[in-house]
Every structure is written in C-alpha cells, then in structure tokens.
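> Sharing a sequence plus its predicted fold:
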Amino acid sequence: MTAIFKREFRSYFTGMVGYAVAAVSLFFLGLYFTNRNLLYKSSDFAGVLYTTTLILLFLLPAVSMRSFAEERRARTDQLLLTSPVSIPAIVAGKFLAQLAVFCVPLTAAAVMPLILTAFGKVSLISAYAALLGYILLGGACLAVGTFISCLTENQIVAYLASFVVLLIAYLMNGIKTMFTSGNILAFVVFALVLLAASAAVGVVCKNILAGGAVLVVGAAALFALFILRPAWLLSAFDAVLTALALFAPYAEIIGGSFSLPVILYYFSVIGVFLFFTGQTLERRRWN
C-alpha cells in the first residue's frame, strides 16, 4: 500500500493536477478568510470553510477522476491487478494519495485560526472541529469519485459523472422537499431502485434467475409495505434521501453539533464506496 500511495501522490505533482488543486484551494480559502475574518473582523473561521464547500464540487472530481480511469486508458490496470499487492491495499493507497493531495493546501487553513487569535478571542475547538469535518467531507466526496473513476476509462466522463453526483448530493436537502408529498411516489422510486438492483444482481452473478428472485421477493415486500404500512415506506424513503445529502452533516458541524453520528456517517460513506471500488476491481481481476 505504501508503494501505491507514494507512486500516486508523486504522480499528482509530476503533472499539473496537484498544483492546480492546491492553487485553487488556497486562493478561495485566502479570499474568504481575508474578506470574512480579517476585513469584517469575524472570529468565525468555520464559516469560511462552509463557504468553500461549493468549490469541492469542482475541485475533488479533478483529483479522483484519474485514479483508475487513467490506469484503464493506459492499459496498466492489468499489471496493477496482477501485482502482489492486494485489492484493498491498491484501493487504500490510491484513496489516501488523493486525500493527501486534498489536505496539502489545508495546512494553510490550519494556521488561519491561530492568526485570528492575535486579534481577539477565537474558539479553536470549533475551528479545528470544522476543519476535521471538512477533511471527512472531502474524503467522502473522493471515495465517491474513486468508485466512479473505476467504472470508466475516460477521465472526462469520470469528472462529469462525479460532479453531477456531488451536485445532487449538495442539493439533496432542497430536492428532498419535492419528494415528501405521498406514498405513491415513494413506492414508484423504490420500485425503480429494486428493478435496477435486480438487474445488477443478474449481471454480476451472470444468472437471470438470481436477478428474477431478487425482483420477486423485493416486489412482494415492497407491495406489502405499501398496503399494510405506508407510513413506514414514506419514512424509509425520507431516510434514504437524508442519507444521500452528503453535505448536510457538515452544516451540523458548523452549527456546533460535532457528534459521533456525523463522524460515523462520513466514515461509513468512505467505507461503502471504497468497498464498491474494491469489488469492481475484484471482478475485473478474475474476468
């Protein structure tokens, strides 16, 4: 894993991606810090980080897009997959290299709250809790982008797909208000998800009967919920939409509610998408 990490991290700064990401990050952090904290004399550094979350939608897909898509384009993925390094080590090495690239410019952000202490009282606990949450949010976004990069050999497609997914996650709180009008809509959406899941099972298992079984059992359970417990169905739908709102927990951190569930949420997102990435690579290795 260490060798993968070193190779990946070095490759970001061999080209322009690492420098571009650092420059854009530092520009916006410096801009909002100067405007909000220095010119307007605010001690709220967490607000600076929250303002720059929109920049992550454009920045992080540029970091994650090349992780596996470039390997497939250059036809070096098979060499990587047949190396003595395990799949989890490959995924972890690439992901940690991306996270390190994201964290490099944040070393400047770590100094900014200390600068503010020269001008007055600053809550360092709140500032550094917001910074830790910012890193976890960035890690979750990178894990999503890594999985998407694993699905294609085109970096542009990986960038655009990651951007769209993160944009939907960013807007999910607003989108959620559009989908709380009734049980029928929840039923239809879950039915579509079930159809896609059964098709995926059939493709992965290369067995139409397996996919059909998932569809039949899932449809029976879904129909039973719709008839007998419609409120449960709507609650489950709302819970799914809440889970997809990737940026919402960070807003809670900014509001002073840095709790264990928020940390577990981001680690869960990272773990789930890195697991999906590993499973995709595992199937590619044996195919």
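Noted; the coordinates are in hand. The model shown is predicted, which means the values in this text are computed figures rather than measured ones.
> how close does the residue most central in space within the chain sit to residue 199?
The chain has residue 141 as the residue nearest its centroid, 2.2 Å off, counting by C-alpha atoms, centre = their mean. Distance of residue 141 to residue 199, given as C-beta to C-beta, to the nearest Å: 27 Å. The C-beta positions use only the backbone N, C-alpha and C, and glycine is treated the same way.
> Residue 199 against residue 212, yeah?
No. Residue 199 is beyond contact range of residue 212, at 10.1 Å (criterion: C-beta atoms under 8 Å).
> Would you enumerate the residues in contact with the residue nearest to the centre of the chain?
56, 60, 64, 166, 246 (C-beta atoms under 8 Å, 6 or more residues apart in numbering).
> Specify the local secondary structure of residue 153.
Following DSSP: H, G, I helix; E, B strand; the rest coil, residue 153 is assigned to coil.
> Just give the nearest non-adjacent residue to it, would you?
Nearest residue to residue 153 in three dimensions, chain neighbours excluded: residue 72, at 3.6 Å (C-beta to C-beta, 6 or more residues apart in numbering).
> Between which two of the contacts of residue 141 is the distance greatest?
Using C-beta to C-beta, these reach their maximum pairwise distance at 64 and 246, which is 14.0 Å.
> Quick check: the gap between the closest residue to residue 83 other than its chain neighbours and residue 279.
Nearest residue to residue 83 in three dimensions, chain neighbours excluded: residue 90, at 8.0 Å (C-beta to C-beta, 6+ apart). Residue 90 sits 13 Å away from residue 279, taking C-beta to C-beta as the criterion.
> Next: residue 214.
From residue 214 to residue 279 the distance is 17 Å (C-beta to C-beta).
> what about those two, which has more around it?
In this view residue 214 and residue 279 are compared by other C-beta atoms under 10 Å, and residue 214 has more residues nearby, 19 against 15.
> That one contacts residue 198, correct?
Yes. The pair residue 214 / residue 198 is scored as a contact, 4.3 Å apart, by C-beta under 8 Å.
> on that earlier part again, can you list the contacts of residue 141 in CSV and add neighbour count, secondary structure and distance to residue 122?
Converted to CSV, those look like this (neighbours: other C-beta atoms under 10 Å; DSSP: H, G, I helix; E, B strand; the rest coil; distance: C-beta to C-beta, whole Å):
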residue, neighbour count, secondary structure, distance to residue 122
56, 21, helix, 24
60, 26, helix, 28
64, 28, helix, 33
166, 22, helix, 31
246, 20, coil, 28
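> Let me know the closest of the residues you listed to residue 252.
residue 246 (12.5 Å).
> Apart from its chain neighbours, what residue comes closest to the closest one?
Closest to residue 246 by C-beta to C-beta, 6+ apart is residue 169, at 3.7 Å.
> Which pLDDT value belongs to that neighbour?
Confidence at residue 169, expressed as pLDDT, is 87.
> that older thread, out of the contacts of residue 141, which comes closest to residue 48?
Of the contacts of residue 141, the one sitting nearest to residue 48 (C-beta to C-beta) turns out to be residue 56, at 13.6 Å.
> Quick check, pLDDT for that closest one.
Residue 56 is assigned 92 on the pLDDT scale.
> next one: residue 239
For residue 239, the model assigns a pLDDT of 68.
> Same question for residue 254.
Value for residue 254, per-residue pLDDT: 79.
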